[in-house]
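[1] predicted structure and sequence below. I'll ask about it afterward.
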Amino acid sequence: AITTRSYKAGLKNMFATPKVVLVLVAVATGALLANVVRTGSHSQALASIRNQRKLKIPGTTLELELLNEGRFPDAVCLDGTPGAVHSEIIDGATGWIIYFGGVGWCYSEEECLLRSKTKEGSSNNLSQVSEHDSTILSSDCNINPEFCKFSKVRLHYCDGFSFISDADEPVTVGNERIYFRGRKILDAVIATFIPRGLNNAEEILLTGHSAGGLATILNADYLSDRFFSNKRVFRSLKKYKALPFDGFFLNTNTVLNEPLFPMQIQALYNMSKAKGPNKCLVNVRLEEQWKCSFAENAYATLTTPMFLVNSVLDRVQLNQIYLQPLIRELHSLFLCTQDLEDCVNKDDVDLIQGYAQLFNTILERSSAKSRNKGTGFFYTCLGHMNSAFPYHWSELTIEGVAMRDAVTAWWRADPASPTELRKFMPCTLNKNEFPRQCNEMCNQEILHFS
């Protein structure tokens, strides 16, 4: 049987001195892989164990399909190749998941040209079969009991701006062209699957991770207004909700008050002729419409039922945005952002907790205006896309409720009932003692078989 030990039960002592840790990991075939990991530090040992946990488990096989170029000539990636999806369509399924892929953004013509030559900007060289073996896309009902039997459509992310780019004309960079057509890809995907059973859906879940989580926020109302509210097409639709994972990216300066990320997003918004949510756009001046591409501003105006799942210590936001000017200079701070238990400087803990407090403040401000009232699951585990892995999905708890169970309760609830809008808020880090992490489930690891 797989067992876990919490940090308080001895994890700190186990890794206090160099020693050999035997890690046994179950793989998809049912065999056991034994791997001896030599480690001399807490963070190195945990990293080794986490890497082992990411080995494949039974999941979902999604098959590649390129969008029809004759029918959708404008629905193209940055490099002009057709948009693409990986999908699994289950005969007779009345539940559908529309999932946005996501890997960051590009902020200039030169960056986007470089991106167009990778799989994040092109549909060239995509795998014919994409195996997604975790959480919300899993067909393993032990991992994903609520959604395992849904049909699944995963949009390949290749427009550079979370499927809201919408430039009619290509941008010329040197002697090459790039295309910002994320919104046209999205339209084409929905149109492609309507006659394949999407029109008969009774339940539709819109979701995605990271830049795909932001895409979920930015496109939720758009899809409802343009497609799903059409009762002549979606006659059977009873439930449409949105579940963004790790997509609540803040419109915030760095810790040194430099507007790094806001300036990058503003440049991308203007370059790609992006379109944020309409209900946000009508409330801001034309020159500030780029701000509607930030989660906090879009979320405040949405009408689609939505449940946010996000770490308030998201490592991408911490390292690449908020603490970016200090990370390269302060090695101790860098170590803290990799593992809180390697955080020996109290001032560094203050900086990290300061970001969590900033996140909570912005969330509360946005929630006060939102129909969804900040409904969500907000935790303190370091990392990015923690929810994509079964351990955090099924075992990470707040107030005794696991992330997966919180999502399930929200999905089943009547969004019109205020009593069903529950918000799971994070704890506060321990500045003056170890463990620094206040949610012991973040420090629990699978250590051995017994």
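    Alright, I've got the coordinates. Please read these numbers as outputs of a predicted model, since none were measured by experiment. Numbers count the residues shown, from 1 in each chain.

[2] residues in contact with Asn345?
    Ser332, Leu333, Cys336 (C-beta atoms under 8 Å, 6 or more residues apart in numbering). Just so you know, the C-beta spots here come from the backbone N, C-alpha and C atoms, and that holds for glycine as well.

[3] how near is Leu62 to Ala300?
    Noted for Leu62: a distance of 33 Å to Ala300, by C-beta to C-beta, to the nearest Å.

[4] surely Arg196 and Glu88 touch.
    No. Between Arg196 and Glu88 no contact is recorded; they are 11.8 Å apart, counting by C-beta atoms under 8 Å.

[5] more neighbours: these two, which one.
    Using other C-beta atoms under 10 Å as the criterion, Arg196 and Glu88 rank with Glu88 on top: 19 against 12.

[6] which parts of the stretch 201-350 of the chain are strands?
    In the stretch 201-350 of the chain, the strands defined using DSSP state E, counting those that start in this stretch lie at 203-209, 239-245, 308-311.

[7] what lies in contact with the last one?
    It stands for strand 308-311. Everything outside strand 308-311 that qualifies as a contact, by C-beta under 8 Å, 6+ apart, is 213, 243-248, 299, 359, 363, 374-384, 386-387, 403, 407.

[8] which ones among these are found in helices?
    With helices defined by DSSP state H, the entries of the contacts of strand 308-311 inside them are Gly213, Tyr299, Phe359, Leu363, Met403, Val407.

[9] remind me which residues of the stretch 51-200 of the chain are low pLDDT?
    Judged by pLDDT under 70, the stretch 51-200 of the chain has its weakly predicted residues at 51-59, 131-134.

[10] strands of that one, residue ranges please.
    60-66, 84-88, 95-100, 129-132, 151-155, 171-173, 176-178.

[11] format the ones you listed as a markdown table; extra columns: distance to Ile164.
    Below are the strands of the stretch 51-200 of the chain laid out as a markdown table (distance: least, C-beta to C-beta, whole Å):
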| stretch | distance to Ile164 |
| --- | --- |
| strand 60-66 | 22 |
| strand 84-88 | 18 |
| strand 95-100 | 11 |
| strand 129-132 | 23 |
| strand 151-155 | 13 |
| strand 171-173 | 16 |
| strand 176-178 | 16 |
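
[12] may I see the buried residues of stretch 164-173?
    Ile164, Ser165, Asp166, Ala167, Val171, Val173 (16 or more other C-beta atoms under 10 Å).

[13] now, among the residues you listed, which is nearest to Met441?
    Ile164 (34.6 Å; C-beta to C-beta).

[14] related to what we said a few turns ago, among the contacts of Asn345, which ones are buried?
    Buried residues within those, counting neighbours by 16+ other C-beta under 10 Å: Leu333, Cys336.

[15] what's the closest of the contacts of Asn345 to Thr207?
    When these are compared against Thr207 (criterion: C-beta to C-beta), the nearest one is Cys336, at 30.7 Å.

[16] please name the residues that touch the closest one.
    Contact analysis of Cys336 by C-beta under 8 Å, 6+ apart lists Asp342, Cys343, Asn345, Asp348, Val349, Leu351, Ile352.

[17] count of residues packed around Asn257?
    By other C-beta under 10 Å, 8 other residues sit near Asn257.

[18] for it, grab phi and psi.
    Its backbone dihedrals place Asn257 at phi 70, psi 30, with angles given as degrees, to the nearest 10.

[19] what's the pLDDT at it?
    pLDDT, the model's per-residue confidence, is 96 for Asn257.

[20] roughly how far does it sit from Lys184?
    Distance check for Asn257 against Lys184: by C-beta to C-beta, it reads 38 Å.

[21] quick one on the thing from earlier: name the nearest of the contacts of Asn345 relative to Ile143.
    Proximity of those to Ile143, judged by C-beta to C-beta, is greatest for Cys336, which lies at 31.5 Å.

[22] skip the chain neighbours and tell me the closest residue to the closest one.
    Closest residue to Cys336 apart from its sequence neighbours, by C-beta to C-beta, 6 or more residues apart in numbering: Cys343 at 3.7 Å.

[23] repeat that for Pro415.
    Ranked by C-beta to C-beta, 6+ apart and with sequence neighbours excluded, the top spatial neighbour of Pro415 is Pro305, at 3.9 Å.

[24] you'd agree Thr60 is up against Phe150?
    No. The pair Thr60 / Phe150 is not scored as a contact, 10.0 Å apart, by C-beta under 8 Å.

[25] now stretch 378-389: average pLDDT?
    When pLDDT is averaged along stretch 378-389, the result is 93.
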